[in-house]
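In: return atomic coordinates for the entry below.
(one chain, ligands or ions: 1)
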Amino acid sequence: MKENPTWFLKSHPSGMPQTDNWDLRDMPIPDIEGDQLLVRTQWLSVDPYMRGRISPAKNYAAGLAPGDMMRGGGVGEVVSSNSPHFAPGDIVTSDHFGWQSYTVLPAQSATRVDDTDAPVQSCLSYLGMPGMTAYFSLLRSGAPKKGETVLISAASGAVGQIAGQIARIKGLDPVAIAGTDEKIAWCRELGYRTGINHRTTQDIVADVAEACPDGVDVFLDNTAGPAHDAAMLNLNVNGRVVVVGTIALADRFDEPDIGMRHLRQIMIKRACIQGFLLDDFEADYTTAKADLLSWYRQGLLKTREDVSEGIETVPEAFTRMLRGENFGKQLVRLD
Ligand SMILES: NC(=O)c1ccc[n+]([C@@H]2O[C@H](COP(=O)([O-])OP(=O)(O)OC[C@H]3O[C@@H](n4cnc5c(N)ncnc54)[C@H](OP(=O)(O)O)[C@@H]3O)[C@@H](O)[C@H]2O)c1
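Out: Now for the predicted structure:
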């Protein structure tokens, strides 16, 4: 039995990350000092933003160097605490979990998790970062008006599954782009009117035109790539494109940006393309979480998780998500 198995970045990936870009090493269970907590990890979240963190390319946040421990969102039980605000047995979440069984957290990064309303890991999906990304990207950046058509890529994933349901709650007309027929069927169950399988389509531009006969008013671009081009070519006058993520470029992070395409469409349609970063909405997280929890309690938010078991599986869970093999929010359970 290992004491504290921990994943370290071994090398920056060239192209699509592979599991051998990481090293699993056994580490001692760390001591805490200052205002810190020692936490036994129960759940880890693997997220597309981590692709940027393991690349030397310039990003909105500092990246990791080979030899650094991987970090990300997690949930766990406090084992020992130097903070008056937390006691052993508390369940906490933080963005600073290491990819390891026992982790040291700065107390100010931790939030106590209440499991009265929803399972603890929901703070890593619909009641946390992905849920709030869906909320703010659609309702603030997308600025939709009732009845408008909202096209959403990666529609069955952690962000997309919530965005489609919020769109339905707000009286919009959501249309999905996802990578399998099963995912499209799930999107319909969530309230998406229809969907396009971007991996089997012969002509994604024509399929978006058929699925959105009145054109696209808001495009939540979770992927970049061909879905982006198809949305641009079906955009309505005054359309809004919210660039939330570029996961379709996961295998070319270190290459020069290919630049903006369909520039004429922006002019012809007087469209707006806006980049989105969740951190910019921090002042309003409480409002978003309250709305998401209220919809969840009313049974208006269905969710799906894709759970991988054990600390050994973290890099595989991450890389399969980049390949689109996850179905719902990709999590790793350690307990
Ligand atoms: N800007 C922000 O603040 C922020 C915050 C959170 C998330 N995001 C972004 O939101 C997007 C979705 O994140 P998530 O956590 O919800 O992930 P996710 O959708 O649960 O998982 C990623 C999905 O991306 C799709 N995908 C992978 N490769 C693709 C490709 N080449 N072309 C098209 N689709 C591809 C796959 O779905 P299919 O099977 O449908 O292809 C895969 O399931 C990501 O781009 C992420 O970076 C941004």
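In: residues touching the residue of the stretch 51-200 of the chain found nearest the ligand, list them.
Out: In the stretch 51-200 of the chain, the residue that lies nearest the ligand is G157 (1.8 Å; CB to the nearest ligand atom). Heads up, the C-betas are built off the backbone N, CA and C, glycines and all. By CB atoms under 8 Å, 6 or more residues apart in numbering, the contact set of G157 is 130, 178, 222, 326, 328-329.
In: can you check D114 too?
Out: With CB under 8 Å, 6+ apart as the criterion, no residue contacts D114.
In: setting aside sequence neighbours, what's the nearest residue to the residue nearest in space to the middle of the chain?
Out: Nearest to the mean C-alpha position of the chain, by CA atoms, centre = their mean, lies P130 at 4.6 Å. Leaving aside its sequence neighbours, P130 sits nearest to A158 (CB to CB, 6 or more residues apart in numbering; 3.6 Å).
In: surely the one you found meets S122?
Out: No: with contact defined as CB atoms under 8 Å, A158 does not reach S122; the gap is 11.2 Å.
In: and these two? Which one has more around it.
Out: Neighbours of A158 and S122, each counted by other CB atoms under 10 Å, are more numerous for A158; the result is 31 against 24.
In: so where do the strands sit in the stretch 1-150 of the chain?
Out: Along the stretch 1-150 of the chain, the segments classed as strands by DSSP state E, counting those that start in this stretch run 4-9, 22-27, 36-45, 71-81, 91-98, 102-106, 111-112, 149-153.
In: check contacts around the closest residue to the ligand within the stretch 201-335 of the chain.
Out: Proximity to the ligand, evaluated over the stretch 201-335 of the chain using CB to the nearest ligand atom, is greatest for G245 at 1.8 Å. Counting by CB under 8 Å, 6+ apart, G245 makes contact with 48-49, 154, 159, 221-224.
In: and M50, by the same measure?
Out: Counting by CB under 8 Å, 6+ apart, M50 touches 70, 72, 318.
In: do you know the pLDDT at it?
Out: For M50, the model assigns a pLDDT of 97.
In: what residues does the stretch 1-150 of the chain put near the ligand?
Out: By the rule CB under 6 Å from any ligand atom, the part of the stretch 1-150 of the chain lying against the ligand is 47-49, 129-130, 133.
In: rerun at 8 Å
Out: Applying CB under 8 Å from any ligand atom, one finds that the stretch 1-150 of the chain approaches the ligand through 47-49, 51, 129-130, 133, 137.
In: and of those residues, the nearest to I184?
Out: Nearest to I184 among these, counting by CB to CB, is P130 at 19.5 Å.
In: need the contact list for the closest one.
Out: Residues near P130 by CB under 8 Å, 6+ apart: 47, 124, 157-159, 162, 329.
In: distance of the residue nearest to E33 when sequence neighbours are not counted from Q36?
Out: Excluding its sequence neighbours, the residue lying closest to E33 (CB to CB, 6+ apart) is N82, at 7.2 Å. N82 sits 5 Å away from Q36, going by CB to CB, to the nearest Å.
In: next to the ligand, which bits of the stretch 151-300 of the chain? Give me the list.
Out: Taking CB under 8 Å from any ligand atom as the measure of proximity, the stretch 151-300 of the chain contacts the ligand at 153-161, 177-180, 183, 198-199, 222-227, 243-250, 275-279.
In: make a ChimeraX selection of the buried ones in those.
Out: Buried residues among those (16 or more other CB atoms under 10 Å), as a ChimeraX selection:
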select :153,154,155,156,157,158,159,160,161,177,178,179,180,183,198,222,223,224,227,243,244,245,246,247,248,250,276,278
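In: filter the residues of the stretch 151-300 of the chain next to the ligand down to just the ones in helices.
Out: Using DSSP state H, the subset of those located in helices is 158-161, 183, 226-227.
In: between those residues, which is closest to D203?
Out: P226 (10.2 Å).
In: follow-up on the earlier one: tabulate the ones in helices among the residues of the stretch 151-300 of the chain next to the ligand (a markdown table), appending pLDDT.
Out: Formatted as a markdown table, those follow (pLDDT from 0 to 100):
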| residue | pLDDT |
| --- | --- |
| A158 | 98 |
| V159 | 98 |
| G160 | 98 |
| Q161 | 98 |
| K183 | 98 |
| P226 | 95 |
| A227 | 97 |
